[in-house]
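Undergrad: Everything below, folded, please.
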Amino acid sequence: MSRDPLGDRAVLTVRGSAGRRVPSRTRPSWLRVDLGLFIGAAGLSLVGVVLVWSATRADADGTAALKQLVSLAVGVVCAVVVTRLDVRAVRALAPIVYGLAVLGLVAVVSPLGSTVNGSRSWIRLPGGMTLQPSELMKVALAIGMAMLLAERADRRMPQRHRDVALAWLVAGVPVVLVLAQPDLGSALVLVALSVVIIAAAGAPALWTVGVLVAGGAAVAAAFLTPVLSGYQRNRLRAFLDPSLDPEGIGYQTRQVRIAIGSGGLGGQGLFEGRQTQGGFIPFQETDFVFSVAGEELGFLGAAGLVLLIGFIVVRCVVVARRADAFGRLVAIGVGVWFGVQAFENIGMNLGVMPVTGLPLPFVSSGGSSLIASWIALGLVGNVASASPPGRR
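TA: Model prediction:
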């Protein structure tokens with residue numbers, strides 16, 4: 001055992017074929033933490049607190065923004081702890097985290113669950129707090145599937161059909177439970193995360209094609225069968241024709257587009273947006289927080305949010321490129337999660353995607369979403385800090 005010249009922790013050493021000592025790092029080093037990733041997420045989260053405050057100040061008098069700040073503090077602490085975990089501990093904990101997340105989803109569809117807007121997605125906690133297990137399942141699925149598929153991927157061997165079938169079984173259980181709530185948006189994120197991780201691990205192309213076909217059939221079933229609640233089916237149908245629900249989701253999306261369009265280049269000014277401060281947009285601090293940026297900060301402010309989210313996604317990909325198989329799959333999964341969810345949220349604000357209720361990562365009000373996003377960021381930080389320097 002020797003000291004790591006780049007950090008303050010001891011590292012294990014093994015003998016190479018020529019007898020030289022080769023460090024085997026499993027503990028992360030602060031010197032290799034991707035600070036840009038954390039700084040970008042911190043800036044995005046603080047902007048989110050301000051936008052939530054603006055959207056709720058007339059009714060909540062800063063309470064929602066304070067809760068968001070507390071959730072941010074908890075999330076940052078969780079991210080720091082996860083960043084410092086031994087890589088072997090992360091892999092060993094993956095089945096436990098996955099099992100706990102599944103139990104949370106089962107609890108949601110039991111009498112313990114709480115229904116909001118036609119979706120039974122929350123568990124009420126003491127003190128008026130709520131927990132949304134589907135957000136934590138995104139973390140659990142990313143590390144769980146990476147653990148299952150990393151061994152053969154590390155050897156650059158194609159995945160066996162039975163390994164891929166097991167991975168899809170692991171992914172399918174939470175997807176079915178989330179659809180039972182029903183929460184189509186979160187289910188789509190879980191499916192996208194799973195598809196990319198399995199494909200990146202070297203699965204046969206036939207599996208990817210088959211899953212995409214099955215996904216298209218599932219979306220068609222969402223429109224044609226009662227798998228979704230009437231409230232959610234109305235959301236999807238109103239996307240195609242807002243006149244079908246002129247006083248519900250059609251009204252919301254119309255007001256959102258008015259707010260974003262009225263922001264112009266530089267916006268109407270923070271706390272000065274007519275639609276936002278007038279309370280014309282229901283759930284603006286959650287589903288439609290992007291419209292606050294569009295109206296009050298204008299095109300420049302909204303574009304800045306998009307660039308920050310894009311920066312975080314790109315950094316996840318960069319971290320994945322220099323990591324081992326397990327770390328690469330985790331970082332790719334997290335990047336897909338953030339990218340797909342941001343695309344859907346911003347798209348539904350702009351009227352180019354159906355309204356599914358997905359929050360904007362790091363920005364929308366919601367403790368479960370914010371904390372889960374920061375835990376995922378801690379996983380990527382762990383991957384970055386545990387990767388050998390110079391690896392490509």
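
Undergrad: Where do the helices of the stretch 101-250 of the chain begin and end?
TA: Assigned by DSSP state H, counting those that start in this stretch, the stretch 101-250 of the chain shows helices spanning 133-154, 161-179, 184-200, 205-224, 230-240, 249-262.

Undergrad: between those, which gets the lowest average pLDDT?
TA: Ranked by mean pLDDT, these bottom out at helix 230-240, with a mean of 62.

Undergrad: how about the helices of the stretch 101-250 of the chain, which one is nearest V82?
TA: Taking C-beta to C-beta as the criterion, helix 133-154 is the member of those that comes nearest to V82, at 9.2 Å. For the C-beta atoms, the positions are set from N, CA and C on the backbone; glycine is no exception.

Undergrad: buried residues in the closest one?
TA: For helix 133-154, the neighbour count (16 or more other C-beta atoms under 10 Å) marks 133-150, 152-153 as buried.

Undergrad: thinking L179 is in contact with A187, fair?
TA: Yes: between L179 and A187 a contact is recorded at 5.0 Å, counting by C-beta atoms under 8 Å.

Undergrad: Which of those two has more residues huddled nearby?
TA: A187 (23 against 19; other C-beta atoms under 10 Å).

Undergrad: ok, the more buried one - contacts?
TA: Taking C-beta atoms under 8 Å, 6 or more residues apart in numbering as the contact definition, A187 lies against 175, 178-179.

Undergrad: what ranges do the strands span in the stretch 201-350 of the chain?
TA: In the stretch 201-350 of the chain, no strands are found when defined by DSSP state E, counting those that start in this stretch.

Undergrad: so where's it uncertain?
TA: Low-confidence segments of the stretch 201-350 of the chain, defined by pLDDT under 70, are located at 215, 218-249.

Undergrad: go again using 90 as the cut-off
TA: 201-257, 276-284, 287, 322-323, 348, 350 (pLDDT under 90).

Undergrad: can you pull the buried residues of stretch 274-288?
TA: 275-277, 280-281, 283-288.

Undergrad: What of stretch 100-116?
TA: Of all the residues in stretch 100-116, those buried under the rule 16+ other C-beta under 10 Å are 101-102, 104-105, 108, 113.

Undergrad: Among these, name the ones in strands.
TA: Among those, the ones falling in strands (DSSP state E) are G113.

Undergrad: got a list of contacts for stretch 320-333?
TA: Residues beyond stretch 320-333 that count as contacts (C-beta under 8 Å, 6+ apart) turn out to be 87, 91, 141-143, 145-147, 149-151, 153-154, 193, 196-197, 200-201, 316-317, 319, 335, 379-380, 382-384, 386-388, 391-392.

Undergrad: cool, stretch 291-310 as well?
TA: When contacts are taken as C-beta under 8 Å, 6+ apart, the neighbours of stretch 291-310 outside the stretch itself are 40, 43-44, 47, 51, 54-55, 256, 259-276, 281, 284-285, 290, 338-339, 342, 346, 349, 360-363.

Undergrad: Give me the ChimeraX select line for those, limited to the buried ones.
TA: Taking 16+ other C-beta under 10 Å as the burial criterion, the selection of buried members of those in ChimeraX is written as:
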select :40,44,47,51,54,55,256,259,260,262,263,267,268,270,273,275,276,281,284,285,290,338,339,342,346,349,360,361,362,363
